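[1] Just the structure for this:
(2 chains)
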Number of protein chains: 2
Amino acid sequence: MAQLVVMYKTPKDAAAFDKYYFEKHAPLAKKIAGLRKYEVSRGPVATPAGPSSYHLVAMLQYDDMAAIQRAFASPEGQAAVADLGNFATGGADILMFETRPA
Amino acid sequence: MAQLVVMYKTPKDAAAFDKYYFEKHAPLAKKIAGLRKYEVSRGPVATPAGPSSYHLVAMLQYDDMAAIQRAFASPEGQAAVADLGNFATGGADILMFETRPA
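    Residues are numbered from 1 along each chain as shown, chains lettered A, B, ... in the order given. The predicted model follows:
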């Protein structure tokens, strides 16, 4: 499998972020072909030392890296990327990688 | 569920890192009570724009945040944390959060 991890930095207005994310952005992301599993953080995103600079983490699972590349290249993927500017006011760090059991 | 995400920055010697990680560190991590699932990145950790500053990402799943806190506080957890200095020469960023379906 492959994992797309989107780490949203703390936005200017957390309540507005959450409302937009779950009402508008998540439905857009769910339209992208190839998505196998989609989880989000619930509550604070912490570090062992205390609070992190992130407000929300989204973890999206695909079959492999090629599927993630196709997802980004698709019209639905481009729409989801373009939508980030509408709510991710703190920015976001995105990582993607294939996974295997440790 | 809750997720512990350990993002290892590119180490000085990637081959030595990998050998130590899979031969020594992962077996230590697997001893920690409460661990439900343990996956690692395979191959490069990328961003949509190209390579990331990370060499490996480990994703460890627990029942909830309290289980992660207990894991860190346990002797086995403390041993795994202390072991980081033996191989994580680039440092590591750690995030932890409860999860739910999006």
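
[2] In space, what's closest to A:Asp18 - neighbours in sequence excluded?
    Nearest residue to A:Asp18, sequence neighbours excluded (Cβ to Cβ, 6 or more residues apart in numbering or on different chains): A:Leu56, at 7.6 Å. From N, CA and C alone the C-beta is placed, and that goes for glycine too.

[3] element containing that neighbour, please.
    For A:Leu56, the element it lies in under DSSP states H and E is strand A:54-62.

[4] Same check on A:Ala80?
    helix A:75-83.

[5] Report the next helix or strand after that helix in sequence order.
    strand A:92-101.

[6] what are the bridge partners for the residue nearest to A:Asp18, then?
    Assessed by DSSP bridges, A:Leu56 has beta-bridge partners A:Tyr8.

[7] Pretty sure it sits against A:Tyr8.
    Yes. Contact criterion Cβ atoms under 8 Å: A:Leu56 and A:Tyr8 qualify, at 4.6 Å.

[8] Now do the shared contacts for these two.
    A:17, A:21 (Cβ atoms under 8 Å, 6 or more residues apart in numbering or on different chains).

[9] other SSEs contacting the helix holding A:Ala80?
    Applying 3 or more Cβ pairs under 8 Å, 6 or more residues apart in numbering or on different chains; DSSP states H and E, one finds that helix A:75-83 contacts helix A:26-30, helix A:65-73.
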